[in-house]
Structures are given as C-alpha cells and as structure tokens.
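>>> Next one to model:
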Amino acid sequence: MKTNMTMTKRFLFAIALLAVVVSSCKKDEVVPAPDVSGVYKFTSAELIDGNIGDTNIDSLFIENGGGPGVTSKAPVGDVTTTSFWVNAVLSGLAPCENVDPRTWTYEIDIKSDGKLAFTCTSENNTTEENGTWKLEDENKTLTLIIESATLGQVIVKVETATFVTGATGLISGTINKYPMLINAGADIGAGNVQYIAFKVVLTKK
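So this is what the prediction gives:
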C-alpha cells in the first residue's frame with residue numbers, strides 16, 4: 001500500500017513538473033515582429049476626442065479653419081474634416097517648399113533600419129529623414145519619434161495596432177495624442193497647438 005502511495009505521489013509530482021515546464025515554455029515564446037517597413041500614404045482619420053484634457057471632448061475646433069473668423073468643428077466619429085486637418089499637419093513634415101501648402105503631397109517611408117522619412121511627392125520626390133520608429137507592447141504599438149522644426153521631438157503612438165503586411169499592406173490603430181492647430185491661420189507652435197485622438201489608417205503604396 002505504501003509503495004502504491006509513493007508511486008502515486010511521484011506520478012502527480014511528475015505531472016505538476018511537466019505543467020510548469022510547458023507553462024514556462026509558452027511564456028518564453030517570442031512572437032515574431034511583423035515587417036511593417038515600406039512606403040505608406042495617409043488614408044483616413046476618424047475623430048475620437050477633439051481636444052484632450054478639455055471637458056468639451058465632442059468636437060475638433062479649428063478657430064480659423066476656412067479663413068478669418070470662420071470656425072470649423074467636427075463631431076466624434078467624423079472622418080472628412082478630421083482627415084483633412086491630420087493630413088495637413090503630416091504634409092508639413094515633408095520637405096515641401098512651395099508657398100501654397102494646399103499643393104503639397106507626401107509619402108511616409110518606414111524604413112527597415114528603424115529610420116523614418118517623409119517624401120515630398122509634389123516637388124521632385126525630395127526625401128528627408130526626420131525620425132525613427134519602433135514596435136512596442138508585444139508589437140501592438142507602433143511608436144513614431146518625429147523631429148519637427150516647429151514642435152521639437154513629437155512622439156506619436158499608434159496603439160492597439162493592426163498590421164497587414166505584404167505588397168498591399170496597411171497599418172491601422174488609435175493615436176491618443178496628436179498635435180493639431182488651434183488657429184489654422186497661424187503657424188503651428190507651442191502657443192497654437194492642442195492634442196486630439198483618432199483612429200488612423202495608413203495604406204502601403
């Protein structure tokens with residue numbers, strides 16, 4: 001009887017040890033990072049919060065959006081107006097020099113070496129490296145570290161991100177802190193910036 005009990009205990013111990021080993025192996029498994037490198041175009045932005053930190057969270061407010069004295073507001077869920085202004089800020093990161101910013105077009109190059117570059121496609125495809133990128137939070141967050149001449153270093157995180165890799169890839173997720181003009185009639189800067197949140201989609205070229 002004693003021998004049977006001893007054998008049972010040894011068997012149970014072996015099962016428990018095996019469970020611990022299997023569990024440890026699962027924890028140590030490394031999920032390979034998706035290959036998000038490539039050239040992307042901004043596709044859309046859907047508004048979540050028009051002014052982070054302000055109690056009036058239901059609108060994106062542009063004081064001078066359509067000219068002197070003209071206000072522009074967008075409700076939560078808006079895509080058209082929000083996409084327009086997000087695109088306007090992004091285009092300002094490209095090395096475009098034409099006096100009319102409405103003519104600027106650009107692409108975002110997420111390079112395989114961790115560098116980030118913006119190309120002005122409307123002016124002889126001039127490219128300028130002005131940042132870096134990395135994947136964080138078990139590859140669920142794409143962090144863009146952008147060096148801006150007007151705002152200094154700007155960190156943009158695409159959180160809860162989905163990556164579709166390959167030739168027809170895309171990146172989608174939520175940006176919870178993105179610099180936006182308060183007054184579109186003035187230059188972006190420390191006194192003319194608010195932060196908004198939105199769902200973003202970038203499509204691979």
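>>> roughly how far is the strand or helix carrying residue 135 from the heart of the chain?
Element membership of residue 135, judged by DSSP states H and E, is strand 126-136. Strand 126-136 sits 12 Å away from the centroid of its parent chain (C-alpha atoms, centre = their mean, to the nearest Å).
>>> So what touches it?
Outside strand 126-136, the residues within contact range by C-beta atoms under 8 Å, 6 or more residues apart in numbering are 33-34, 36, 93-96, 109-110, 114-120, 141-148, 157. C-betas here are computed from N, CA, C, even on glycine.
>>> For it, list every residue counted as buried.
For strand 126-136, a neighbour-count test (16 or more other C-beta atoms under 10 Å) marks 130, 131, 133, 135 as buried.
>>> The residue nearest the centre of the chain: what secondary structure?
Geometric centre of the chain, nearest residue: residue 158, 2.6 Å, by C-alpha atoms, centre = their mean. Assigned with DSSP: H, G, I helix; E, B strand; the rest coil, residue 158 falls in the strand class.
>>> picking up where we left off before, mind checking the pLDDT average for the helix or strand following the strand holding residue 135?
Following strand 126-136 in sequence order, the next helix or strand is strand 141-148 (DSSP H and E). Averaging pLDDT along strand 141-148 gives 94.
>>> Next, the angle strand 126-136 makes with strand 141-148.
Strand 141-148 runs at 140 degrees relative to strand 126-136, counting by axes from the mean of the first three to the mean of the last three C-alpha atoms, to 10 degrees.
>>> Which other helices and strands does strand 141-148 contact?
Under the contact criterion of 3 or more C-beta pairs under 8 Å, 6 or more residues apart in numbering; DSSP states H and E, strand 141-148 touches strand 115-120, strand 126-136, strand 152-164, strand 170-181.
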